[in-house]
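Trainee: after the sequence you'll find the predicted model.
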Amino acid sequence: MRFNTFRFLVKEGVRSLRQNLFMSAASILVLVSCLLITGCAYLVYENVEHAFDWAYQQNVVVAYAKADVTDERATAMKTELEALDNVAQVEYISKEALLERYKDEFGELLEDLEADNPLQDAFVISFEDLGLFDKTVSSVKTVEGIDKVDYDQALSQTLVKVRRVVLTVGVWVIALLLIVSLFIIANTIKLTVYSRRREISIMRSVGATPWFVRFPFMVEGIILGSAAGVVSYGLLFGIYEVIRQNFTFSSSLELIPFVAVWWQLLLGFLVGGMITGVLGSTVSIGRYLKENTD
């Protein structure tokens, strides 16, 4: 395609948008609605993932050191535990610190234990992936100086199963919304094509190729999709920040900040909007040309 022809077709696409402002606005409105729903579904997905990551950190393993472990060996054990695969964090709590914690809770009942502390040094361990729970616990037990390991295996397995189900459903919901968005925008643009059937017929009658007819509509689709993507992004940002500032699960678990996913959403809205606009335009004009050719 020559540059002059390309420039002419782009101008035709922009001119068509100006001449059909009502249909263009309707197309943008429909696509904005679809992108907003899809964006909300993505934010829910990310927050669910964040919530499960937080829950994973709460589901910890406590490894107790043997009674004869020295302070130097305990420090080395902490380093060895941190080096294990799938270990996210290790907190060392000496038996003296444990006794102080229990004293805060039980008070004078434990004062007599200071001279002969029966507690053991402990390592509070959190994992990166609970799917590897059993394997990682086995590795923890192999560290020299570990006496026993306390953990709730049933809870970890339940968390893994629930997370898998929730995130799988989330992916399918987002995919379904994208398909619905494509269907809606294609039918909306089909109305635009129908309203300009006379113009298309004239172009065909003077020998314009199907590609020549399609290209201005593709330009329209790109512009409409880009505009819808920018508007959707701005609206979602405002809505989400209002919700985030006024809603929290707890003091330790909050909704993820928008800046954590801003570029994924911006890229997704722009690319998704343009692709949906182009595909919707291409499908609509293709059907029209096929029907009139047949």
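Mentor: Received it, and whenever you're ready, just let me know what you need. Here the structure is a predicted model, which is why all the values come from computation and not from measurement.

Trainee: in contact with the spatially most central residue of the chain, which residues?
Mentor: With distances taken as CA atoms, centre = their mean, the chain has Glu46 as the residue nearest its mean C-alpha position (3.6 Å). By CB atoms under 8 Å, 6 or more residues apart in numbering, the contact list for Glu46 reads Ile256, Ala260, Val261. Any C-beta I mention is one placed from the backbone N, CA and C, and that applies to glycine too.

Trainee: the last one: neighbouring residues, count only.
Mentor: Counted with other CB atoms under 10 Å, the burial measure for Val261 works out to 18 neighbours.

Trainee: which ones are touching it?
Mentor: Applying CB under 8 Å, 6+ apart to Val261 gives the contacts Tyr42, Leu43, Glu46.

Trainee: one more time with 6 Å, if that's ok
Mentor: Residues in contact with Val261 (CB atoms under 6 Å, 6 or more residues apart in numbering) are Glu46.

Trainee: state the pLDDT value of it.
Mentor: Here, the pLDDT recorded for Val261 equals 91.

Trainee: ramachandran angles for it?
Mentor: Dihedral pair for Val261: phi -130, psi 20, per degrees, to the nearest 10.

Trainee: and for the second one?
Mentor: Recorded main-chain torsions at Ala260 are phi -70, psi -20, according to degrees, to the nearest 10.

Trainee: same deal with the first one?
Mentor: Its backbone dihedrals place Ile256 at phi -70, psi 140, with angles given as degrees, to the nearest 10.

Trainee: so it makes contact with His50?
Mentor: Yes: Ile256 is within contact range of His50, at 4.9 Å (criterion: CB atoms under 6 Å).

Trainee: on that earlier part again, need the three-state assignment for the residue nearest to the centre of the chain.
Mentor: Of the three states, Glu46 takes helix under DSSP: H, G, I helix; E, B strand; the rest coil.

Trainee: could you point out the helix or strand that follows the least confident helix or strand in the chain by mean pLDDT?
Mentor: Least confident helix or strand, the chain: helix 95-106 with a mean of 68, by mean pLDDT, DSSP states H and E. With elements assigned by DSSP states H and E, the helix or strand that comes after helix 95-106 is strand 122-127.

Trainee: next SSE after that following strand?
Mentor: Counting by DSSP H and E, the next helix or strand C-terminal to strand 122-127 is helix 133-141.

Trainee: could you check the angle that following helix makes with strand 122-127?
Mentor: 150 degrees (axes from the mean of the first three to the mean of the last three CA atoms, to 10 degrees).

Trainee: list the buried ones in helix 133-141?
Mentor: Across helix 133-141, burial judged by 16 or more other CB atoms under 10 Å covers Phe133, Thr136, Val137, Ser139, Val140.

Trainee: what comes into contact with that helix?
Mentor: With CB under 6 Å, 6+ apart as the test, helix 133-141 has contacts from Ala63, Leu84, Asn86, Phe127, Val149, Ser156.

Trainee: where do the helices of this protein begin and end?
Mentor: Secondary structure of the chain (DSSP state H): helices located at 3-19, 21-58, 71-82, 95-106, 133-141, 153-195, 197-205, 210-246, 262-293.

Trainee: looking at the ones you listed, spot the one closest to Phe123.
Mentor: With CB to CB as the measure, helix 71-82 is the member of those nearest Phe123 (5.8 Å).

Trainee: helices or strands up against that closest one?
Mentor: Other elements packing on helix 71-82 under the criterion 3 or more CB pairs under 6 Å, 6 or more residues apart in numbering; DSSP states H and E are strand 87-93.

Trainee: now do the strand it packs on: distance to the chain's middle.
Mentor: 28 Å (CA atoms, centre = their mean, to the nearest Å).

Trainee: need the contact partners of that strand.
Mentor: Counting by CB under 6 Å, 6+ apart, Lys78, Leu81, Glu82, Ala122, Phe123, Val124, Ile125, Ser126, Phe127, Glu128 sit against strand 87-93.
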